[in-house]
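1. Test case, fold it:
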Amino acid sequence: MRAVLWDMDGTLVDSEKLWDIAMHALYANMGGALTAEVRESTVGGSAETVMRIVYDDLGLEPDPAAMAESADWLHDYTGELFEQGLPWRPGAKEMLDALTADGVPMALVTNTRRGLTERALKSIGSHYFTVSVCGDEVDRAKPAPDPYLTAAHLLGLPAEHCLAVEDSITGTASAEAAGCPVLVVPNDIEVPEGPGRWHADSLAALGVEDLRAVYQTLNSQAGERTA
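-> Numbers count the residues shown, from 1 in each chain. You can find the predicted model right below:
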């Protein structure tokens, strides 16, 4: 394990609940009502994916300009919520501190736009991360592998040498497609089991050596599958 690649929303910080507030506000602004099922389908998605879901759900013409305006409104609203402070997920800050002390390089890999990510990093602390990759900086956002492949490349490492930490189905699929072993720490959405995934209830009970052990186990299993 030569680096750890972190998802942001729902993994490091409990921002999905703030996205909930913003999504309900967006629907109210557009004259609709957000259902739990639709909200669940947007978790971990890029701005473009989320807007396609919203416009389809509301039966609106998918006009690119209107969708872009709605996405900007959503991100501006969410950014105001972020400015009020982001609650950490259990054990996340302690793990960042421990990995930093151990000299393990880290990257932030998120589908959130750069502008909003920078506002979040004011709360999280940008000093933890050697690099960060946002959903609007790659050709294809999660669940495509591009964000994780880009982060690994910027670190000068093969993706398979990096442990990804994710909370969503979308993000886990992205990390897997890039070739990263994945530590899955679900938040509100259940993530299915898989051969390249290790599930943990919380980061709070884990230390750096636990992450190394998870990586070694998943890496060994991957070698057995390809042997």
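
2. and residue 120, how many residues sit next to it?
-> For residue 120, the number of neighbouring residues by other Cβ atoms under 10 Å comes to 23. In short, each C-beta sits where N, CA and C put it, glycine included.

3. same check, this time on residue 102
-> 12.

4. The nearest residue to it once chain neighbours are set aside and residue 184: what is the separation?
-> Closest residue in space to residue 102, ignoring its immediate chain neighbours: residue 208 at 5.0 Å, by Cβ to Cβ, 6 or more residues apart in numbering. Distance, residue 208 to residue 184, using Cβ to Cβ, to the nearest Å: 18 Å.

5. So these two - more neighbours on which side?
-> A count of neighbours by other Cβ under 10 Å puts residue 184 above the other of residue 208 and residue 184, at 24 against 16.

6. Do I have it right that that one meets residue 202?
-> No: the criterion here is Cβ atoms under 8 Å, and residue 184 misses it with residue 202 at 11.6 Å.

7. For this structure, just list every one of the strands.
-> Per DSSP state E, the chain carries strands over the ranges 3-6, 106-109, 131-133, 162-166, 182-184, 197-199.

8. Of those strands, flag the one that's most buried.
-> The densest packing among these, expressed as mean neighbour count by mean count of other Cβ atoms under 10 Å, is seen in strand 162-166 with a mean of 28.

9. Give me the distance from that one to the chain's centre.
-> Chain-centre distance of strand 162-166: 10 Å, with Cα atoms, centre = their mean, to the nearest Å.

10. Report all helices and strands that it contacts.
-> Secondary-structure packing of strand 162-166 (3 or more Cβ pairs under 8 Å, 6 or more residues apart in numbering; DSSP states H and E): strand 3-6, helix 146-155, helix 169-178, strand 182-184, helix 208-226.

11. looking at these, which is buried most?
-> Neighbour counts (mean count of other Cβ under 10 Å) averaged over each of those peak at strand 182-184, with a mean of 26.

12. Just checking: what are the partner strands of that strand?
-> Applying DSSP bridges, strand 182-184 is found paired with strand 162-166 (parallel), strand 197-199 (parallel).

13. So which residues make contact with the longest one?
-> It stands for strand 162-166. By Cβ atoms under 8 Å, 6 or more residues apart in numbering, the surrounding residues in contact with strand 162-166 are 1-7, 11, 107, 109, 148, 151-152, 155, 171-172, 174-175, 178, 180-185, 191, 203, 211, 214-215.

14. again, 6 Å this time
-> Contacts to strand 162-166, defined as Cβ atoms under 6 Å, 6 or more residues apart in numbering, come from residues 1, 3-7, 11, 152, 172, 175, 180-184, 215.
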